[in-house]
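Participant: Just a sequence and a predicted model for now, questions to come.
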Amino acid sequence: MMPTRTRQWLANRMSSHLDWPASRALALKGDTTISVVLPARDEQETVGSIVSAIREALVERVPLVDELVVIDSRSADDTAKVAARAGATVHHQDDILSHLPGLWGKGEALWKSLAVTSGDVVVFVDSDIRNFGPHFVTGLVGPLLADPELVYVKGCYSRPLREADSFSPFDGGRVTELLARPLLNMCWPELSGFVQPLAGEYAGRRTALEAVPFVCGYGVEFALLVDLAELVGVDRMAQVDLGCREHSHQSTAALGRMAGQILDTAWSRMHRQGIVVPERPFSRGITQFVQTADGYESLDWDVEVSERPPMREVLAGSGAPRPRLPRS
């Protein structure tokens, strides 16, 4: 059963993107600066239309967004060129904080974006969305602009699953339902009200985002949810219904490896918070099987995730000047 406190949280901290049109967000903006960040790896088919939609609606038509940045994560296609032509400032992941050994993964791109942006509020949006609209941004920033006590806003939505010969309107979040949600209900029930805990669309105040570590792989969203709840409390977090989100889907085997990284992320936090105390080292590998003409072939994968420290510690130690946006 969902805890009573979580039900109360849902009643108080859940809204719809329809509540936050661009005009209302702009009226609430004041001198708050907003950075929108898209992590991108081989997304030339979709990143341009997303950047264009944000630029046209929320930079040119309504001056809500102050920075529109794409972090190119070692793309092998024309992602960077397409994003730049559409109007984004593009940074290559390995060029940021280049004195540090480069790591891989989406979380690395998100973490490094904090070093090259300066908005008071940072909005993260995945770059593979096929039905993107500016409401993905306005819905996320609206609650933060309206309530100074809020620190983090997570998007939620229906996630249809499209396959060659079928369509399921609500079956797109397989790792969420099979792994992330059971873990949260078991170990962090106060977070069980988040509909899409692994959603790639969320916004937070820079002060909070720079105060927590970033997991470099697919566990980044799970880690941010747990770590920010520990830092500021669930009452300073909220979620917004963004409607429907359509994107490309990964294979079941790829989702299995993703699940392994999320489980590694969750396990480290269970240990840090004293939820479990391991008596022996645990395995951070996963063995999967593919069927061949001769039977089954095993494939071994390392799903251990690396983790970056809070950005404010790194920047404080480097002495490098912080980027600054002009105040309007």
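Facilitator: The structure has been received and is ready for your questions. Keep in mind it's a predicted model, so treat the numbers as computed, not measured.
Participant: Restricting to C-alpha, output the strand or helix carrying residue 153 in PDB.
Facilitator: Secondary-structure assignment from DSSP states H and E places residue 153 in strand 152-158. What follows is strand 152-158, C-alpha atoms only, in PDB (Å, rounded to 0.1, in the frame of the first residue of the first chain):
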ATOM      1  CA  TYR A 152      13.500  19.300  -8.400                       C
ATOM      2  CA  VAL A 153      10.700  18.600 -10.900                       C
ATOM      3  CA  LYS A 154      10.300  15.200 -12.600                       C
ATOM      4  CA  GLY A 155       8.300  14.600 -15.800                       C
ATOM      5  CA  CYS A 156       5.900  11.800 -16.200                       C
ATOM      6  CA  TYR A 157       3.900  10.600 -19.200                       C
ATOM      7  CA  SER A 158       2.400   7.600 -20.900                       C
END
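Participant: That one pairs with which strands?
Facilitator: Sheet pairing here is set by DSSP bridges, and for strand 152-158 it gives strand 202-205 (antiparallel), strand 237-244 (parallel).
Participant: which parts of stretch 266-283 are buried?
Facilitator: Neighbour-count burial for stretch 266-283, counted by 16 or more other C-beta atoms under 10 Å, picks out 266, 267, 268, 269, 270. Glycine gets a C-beta too; all of them are placed from N, C-alpha and C.
Participant: typo on my end, stretch 82-99
Facilitator: Residues 82, 83, 84, 86, 87, 88, 90, 91, 92, 93, 96, 97 are the ones in stretch 82-99 that count as buried (16+ other C-beta under 10 Å).
Participant: Can you tell me what sits against that stretch?
Facilitator: Contact with stretch 82-99 is made by 38, 40, 44, 47-49, 51-52, 55, 59, 67-74, 80, 102, 108-109, 112-113, 115-116, 314, 318, as judged by C-beta atoms under 8 Å, 6 or more residues apart in numbering.
Participant: Next SSE downstream of the helix or strand bottoming out on mean pLDDT in the chain?
Facilitator: The helix or strand of the chain with the lowest confidence, counting by mean pLDDT, DSSP states H and E, is strand 166-168 at a mean of 51. Sequence-wise, the next helix or strand beyond strand 166-168 is helix 174-175, with elements assigned using DSSP H and E.
Participant: can you pull up the bridge partners for the spatially closest residue to residue 147 that is not a sequence neighbour?
Facilitator: The spatially closest residue to residue 147, leaving aside those adjacent along the chain, is residue 238, at 8.0 Å (C-beta to C-beta, 6 or more residues apart in numbering). Listed beta-bridge partners, residue 238: residue 153 (assigned using DSSP bridges).
Participant: does residue 265 sit in a helix, a strand or a coil?
Facilitator: Counting by DSSP: H, G, I helix; E, B strand; the rest coil, the backbone at residue 265 sits in helix.
Participant: Just give me the neighbour total for the closest residue to it other than its chain neighbours.
Facilitator: What sits nearest to residue 265 in space, not counting adjacent residues and going by C-beta to C-beta, 6+ apart, is residue 219, at 2.9 Å. Taking other C-beta atoms under 10 Å as the neighbour definition, residue 219 ends up with a count of 31.
Participant: Residue 248 now?
Facilitator: Around residue 248 there are 11 other residues, counting by other C-beta under 10 Å.
Participant: Show the model's pLDDT score for the residue nearest to it when sequence neighbours are not counted.
Facilitator: Excluding the flanking residues, the one nearest residue 248 by C-beta to C-beta, 6+ apart is residue 128, at 5.5 Å. According to the prediction, residue 128 has pLDDT 93.
Participant: all strands of the chain, in order?
Facilitator: 14-16, 34-40, 67-72, 89-92, 121-124, 152-158, 161-163, 166-168, 202-205, 214-215, 237-244, 285-292, 295-302, 307-308 (DSSP state E).
Participant: Can you say which of these is nearest to residue 191?
Facilitator: Closest to residue 191 of the strands of the chain, according to C-beta to C-beta: strand 237-244, at 8.5 Å.
Participant: And the contacts of that closest one?
Facilitator: 13-17, 19-20, 131, 135-136, 139-140, 142-143, 147, 150-160, 193-195, 201, 228-229.
Participant: Show me the residue at the heart of this protein, geometrically.
Facilitator: Residue closest to the average C-alpha location in the chain (C-alpha atoms, centre = their mean): residue 200, at 3.6 Å.
Participant: so where's the stretch 51-200 of the chain shaky on pLDDT?
Facilitator: Under the criterion of pLDDT under 70, the regions of the stretch 51-200 of the chain flagged as low confidence span 160-173.
Participant: where does residue 270 sit relative to residue 276, distance-wise?
Facilitator: As defined by C-beta to C-beta, to the nearest Å, residue 270 lies at a distance of 4 Å from residue 276.
Participant: All set now, cheers.
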